[in-house]
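K.L.:
Structure of the sequence below:
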Amino acid sequence: MEVMRVQDLAKESIHELPAQFVRPAHERPENSQAIEGVKMPLISMSQPHDVLVDEISKACCEWGLFLITDHGISPSLIQELQEVGQEFFKLPNEEKERYANDPSTGKFEGYGTKMTKNLDAKVEWIDYFFHLTYPTAKVNYDIWPKKPSSYRKVTDEYNSEILRVINKLLELLSEGLGLDGKVLKSSLGGEDIEMEMKINMYPPCPQPELALGVEPHTDMSALTALLPNDVPGLQIFKDGKWFAVNYLPDALLVHVGDQIEVLSNGKYKSVLHRSLVNRERTRMSWAMFSAPPHEKMIGPLPELVDDKNPAKYSTKTFAEFRHRKFNKLPQ
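P.N.:
Predicted coordinates for the structure are as follows:
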């Protein structure tokens, strides 16, 4: 099946959005302006351990999102990661289409564009590349881009660095719940935790006030480490309002996902967020999702449940959680 990629639509220099991209009035950015200039939690990972526990725990309770600096990932590696992703999206269509995915058949990994079978449903102004990066035994390198030739080397190196950061954050988050530092990672599958990369590509849009790059959602993963380029667009929802997230070079944006909210029995909040698009510039972001294996049972940690704090969520496999979320069924 031939798919019209958003990148190709943008190249046609259209002046009016095709109808399937025009959001309902209540979802349009022009009708739901975000508050600018609000300082999100900004945390240096070089601080003493007990300070980190307090600051990260507070950020996850109040915002569900924070930025980290001094995380130890070199700016040169970040630049290389962004360059190989940009180079992939500059390839000829026939080369990119070799990696096309097909979510309708369960093939989620690869090059994709958000589509819908329902002609009345709205779609997002985004092309993307998605694939598993860890554990190595589950990684299918055949669907990773062969061009540019350095893609695999750079992405593997970045994955190792992100895994180190995620492990440290899970330790800090566990201690913030009053638990041993190993509890959250163990509850998410230990060394079998899966890492997934999604490169989001939002081309220039003729009517950005009517469209969304990604519609409002929470991440179904445990933690997301996001590396955006310098084109603004990420917004989070808090206290009934949208807030624009400021860009900080080389900082990592960390989102709390649904699995951490469930395990913490609601203490840590899975953040509702959306992505806007730009009229003149291409926005890109590199998201690394950490998630439990599909067969892992996830529910509120027993240590956090008692008569005063009953379980707020049911316990189910991550596979069942994914199925319900994809199909918009009650959890």
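
K.L.:
switch to C-alpha atoms for all contacts and neighbour counts from now on
P.N.:
Noted.

K.L.:
Tell me how many other residues surround Ser44.
P.N.:
Look at Ser44: counted by other C-alpha atoms under 10 Å, it has 15 neighbours.

K.L.:
One more: Lys241?
P.N.:
Neighbour tally, Lys241, other C-alpha under 10 Å: 12.

K.L.:
For it, name its beta-bridge partners.
P.N.:
Lys238 (DSSP bridges).

K.L.:
which of the residues in the lengthiest helix in the chain are buried?
P.N.:
Longest helix of the chain, by residue count under DSSP state H: helix 151-176. Of the residues in helix 151-176, 151-152, 154-155, 158-159, 161-163, 165-176 count as buried by neighbour count, 16 or more other C-alpha atoms under 10 Å.

K.L.:
so after that helix, what's the next helix or strand?
P.N.:
Using DSSP states H and E, the helix or strand that follows helix 151-176 in sequence is helix 183-187.

K.L.:
now that next one: how far from the chain's centre is it?
P.N.:
21 Å (C-alpha atoms, centre = their mean, to the nearest Å).

K.L.:
That one packs against which elements?
P.N.:
helix 151-176 (3 or more C-alpha pairs under 8 Å, 6 or more residues apart in numbering; DSSP states H and E).

K.L.:
just how off-centre is the helix it packs on within its chain?
P.N.:
For helix 151-176, the distance to the chain centre is 14 Å (C-alpha atoms, centre = their mean).

K.L.:
same thing with stretch 11-22?
P.N.:
26 Å.

K.L.:
Restricting to C-alpha, output that stretch in PDB.
P.N.:
Extracted C-alpha coordinates of stretch 11-22, given in PDB (Å, rounded to 0.1, in the frame of the first residue of the first chain):
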ATOM      1  CA  LYS A  11       7.700  19.500  -0.100                       C
ATOM      2  CA  GLU A  12       4.600  20.200  -2.400                       C
ATOM      3  CA  SER A  13       4.400  23.700  -0.800                       C
ATOM      4  CA  ILE A  14       0.700  23.400  -0.200                       C
ATOM      5  CA  HIS A  15      -1.000  26.500   1.300                       C
ATOM      6  CA  GLU A  16      -3.900  24.700   2.900                       C
ATOM      7  CA  LEU A  17      -3.900  21.600   5.100                       C
ATOM      8  CA  PRO A  18      -5.600  18.500   3.800                       C
ATOM      9  CA  ALA A  19      -8.800  17.900   5.800                       C
ATOM     10  CA  GLN A  20      -7.500  14.900   7.600                       C
ATOM     11  CA  PHE A  21      -4.900  17.000   9.400                       C
ATOM     12  CA  VAL A  22      -7.300  19.700  10.600                       C
END
